[in-house]
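[1] Provided below for reference: sequence and predicted model.
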Amino acid sequence: MTRTTPARPVEVEAVFPELAAYRGRTTRLHPRPGRPGRHDSHVGGPLLWPGDEPWPVCREPHMPETEGYAPDEIRAARAVGAWPRSQPWPGAGSPWTGGPVPFVALAQFFGRDVPGLAAGPGGADLVQLLRCPLTHGPYLERRYLLRWRQASQTESADRFLTAAPEVPLLPREHELPEPCVLHPEQVETYPWAEDDTLPAALIARIDAWEDAQTAEAGRDAPSYQGDLSIPPGWRVGGFPSWASTGPMDITCTSCADPMRLLLTAEGYEMDSGSHSWMPLEDRDPSLQGMASIQGGQSVTQPTRLRFGRDRDLHVFTCPTDPGHPPRWVLS
């Protein structure tokens, strides 16, 4: 099934014509629980991984845990709509002692499936995203991995990894992604309006317009940030959202050039301020507003993942040389 973003509640360029010069496009991925295969673009499914290539592991020290959840217990509980049972962590309160920690596969995207997906090193057209399930250091930092591939070469491998290795326990239920198929859709998008992301005079006009809308229609009034600029959820390309941190200059650590947004991963597909973006196919047309949204958690939090304290994970790459290290920004 396709997914169709509703028309915006306000034609933003009619109100702010100068935004036309800043108009961009992003590809909303619209993940929904399903059974993707290794040759599909997806979140949470099996990666297209050559059978003779070692699975990546994290060898850094990890923070101690007290309890965790077995991956199979998480899957079984989700299947019946229950919460998984926790288990004491081996050597509770001590750092992980089970050796190197296998990364968890979060997603993979093929250029043939996802319009606007930037190419990787050497024109690579398949990107795979992985995360260490444990935390690092006193600030509970995370470690991510981006693996680029040439899809045609990888698909011609003699054999593929049938099952990725897993740790016996995960510290949190939301470390395990729910397998989701994608429904890519390109939509127009506009920059976040704060600091110097747009001209100061334009941001001031946007702020004044939002104040006037709220004064007239209350908290249900459309807003630029929530309804007109950047959609929520998993997406490729477009502009980063800066709700938690404020705008940041992201430069390449190798060459200092400005980096581009490759993709954004988000735990929720909507919140109270962005529900107008929920696709028509996930709504009851006889109802209005948030009450019209159907499907429960499979629509609002389909991947079951979380990033930070419910932030957006922005993955930036270097347009000058995609082989330079990516940067990971929670905002």
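    Sure, I can see it.
[2] helix or strand for T197, which one?
    Per DSSP states H and E: T197 is located in neither a helix nor a strand.
[3] Relative to Q108, how far out is G34?
    The gap separating G34 from Q108 is 14 Å, by CB to CB, to the nearest Å. From N, CA and C alone the C-beta is placed, and that goes for glycine too.
[4] Compare those two and say which one has the larger neighbour count.
    Neighbours were counted for G34 and for Q108 using other CB atoms under 10 Å; Q108 has more, 27 against 18.
[5] helix, strand or coil for that one?
    Under DSSP: H, G, I helix; E, B strand; the rest coil, Q108 falls in the strand class.
[6] Apart from its chain neighbours, what residue comes closest to it?
    For Q108, ignoring the flanking residues on the chain, the nearest one in space by CB to CB, 6 or more residues apart in numbering is Q128 at 4.4 Å.
[7] Who is the one you found paired with across the strands?
    Note on Q128: beta-bridge partners by DSSP bridges are Q108, R147.
[8] And for it, the neighbour number?
    Q128: 19 surrounding residues under other CB under 10 Å.
[9] ditto for P46
    Around P46 there are 19 other residues, counting by other CB under 10 Å.
[10] any idea how the protein splits into domains?
    Following the assignment in automatic domain parsing, the chain carries domains at 1-30+184-331, 32-182.
[11] State the pLDDT value of the residue nearest to Q108.
    What the model reports as pLDDT for Q128 is 98.
[12] Is it in contact with A107, as I believe?
    Yes - assessed by CB atoms under 8 Å, Q128 is found in contact with A107 at 7.3 Å.
[13] And the strands in the stretch 51-200 of the chain?
    Here the stretch 51-200 of the chain has its strands, by DSSP state E, counting those that start in this stretch, at 57-58, 67-68, 87-88, 101-102, 104-110, 126-131, 144-149, 180-181, 185-189.
[14] In JSON lines, list those strands along with distance to Q213.
    Formatted as JSON lines, the strands of the stretch 51-200 of the chain follow (distance: least, CB to CB, whole Å):
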{"stretch": "strand 57-58", "distance to Q213": "47"}
{"stretch": "strand 67-68", "distance to Q213": "46"}
{"stretch": "strand 87-88", "distance to Q213": "50"}
{"stretch": "strand 101-102", "distance to Q213": "48"}
{"stretch": "strand 104-110", "distance to Q213": "36"}
{"stretch": "strand 126-131", "distance to Q213": "37"}
{"stretch": "strand 144-149", "distance to Q213": "38"}
{"stretch": "strand 180-181", "distance to Q213": "34"}
{"stretch": "strand 185-189", "distance to Q213": "20"}
